[in-house]
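Peer 1: structure of the sequence below:
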Amino acid sequence: MINARSETAATKPAVRDALKFRRCLIPADGFYEWQKTGKTKQPYCFEVNEGKLFAFAGIWDRWKDASGETVETISILTTTPSVVTSAVHDRMPVILDRDNYDLWLDPGMRDVTAVSELLKPCNARLMRCYPVSTRINHVANDDEECSRPVEIDEGQNRLFV
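Peer 2: Below you'll find the predicted structure:
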């Protein structure tokens, strides 16, 4: 699973042990969500602290596939959206406060209730979002142009809705 709901992570068999024993930080400097308008989807880039590095709350697991090969996976925990994110999407990744990194990573911390309290929406005052080009929709496009702000032509969007 790429994402796991933080609200149910402590009780879902697929992720509850990882929440208790295998937490990780997933570094990022932004993330993308798409807003649906009719048949079109407009991508938006979300940043924290003006594009500085931050960390998603992650969990990891290790298991054997059918051929006996070890597979290591991670999932980003998600939560309800902040005010900034809610205009575009109904979920957002959990962005941990830097002051909580040590607690999140502490292998001795097995109190799921305590770590679950860290899984909240990011402070909206620290976030910004802006529309980006649909170039981001193609995996072959992996460059800085993908995260450059663009202007949305509102008239054109209405024409095709």
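Peer 1: helices of the protein, start to end?
Peer 2: Secondary structure of the chain (DSSP state H): helices at 16-21, 83-86, 101-105, 112-116, 154-159.
Peer 1: between the ones you listed, which one is nearest to W60?
Peer 2: helix 16-21 (6.4 Å; C-beta to C-beta). The C-beta positions use only the backbone N, C-alpha and C, and glycine is treated the same way.
Peer 1: right, and K12 touches A4 too?
Peer 2: Yes. K12 is in contact with A4 according to C-beta atoms under 8 Å; the separation is 7.3 Å.
Peer 1: neighbour count winner among these two?
Peer 2: A4 (23 against 14; other C-beta atoms under 10 Å).
Peer 1: and the more buried one, what is it in contact with?
Peer 2: For A4, the contacting residues are 12, 14-15, 59, 75-78, by C-beta atoms under 8 Å, 6 or more residues apart in numbering.
Peer 1: list buried residues within these.
Peer 2: Listed as buried from the contacts of A4 are 15, 59, 75-78; burial here means 16 or more other C-beta atoms under 10 Å.
Peer 1: just put the helices of the chain in CSV and tack on mean pLDDT and mean neighbour count.
Peer 2: Shown next, in CSV, are the helices of the chain (pLDDT from 0 to 100; neighbours: other C-beta atoms under 10 Å):
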stretch, mean pLDDT, mean neighbour count
helix 16-21, 96, 17
helix 83-86, 95, 17
helix 101-105, 98, 14
helix 112-116, 95, 14
helix 154-159, 48, 10
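Peer 1: which of these sits closest to E145?
Peer 2: Nearest to E145, of the helices of the chain and by C-beta to C-beta, is helix 154-159 at 20.2 Å.
Peer 1: roughly how far apart are the most centrally placed residue in the chain and K52?
Peer 2: The C-alpha lying nearest the average C-alpha coordinate of the chain belongs to P93 (C-alpha atoms, centre = their mean; 2.9 Å). Distance, P93 to K52, by C-beta to C-beta, to the nearest Å: 16 Å.
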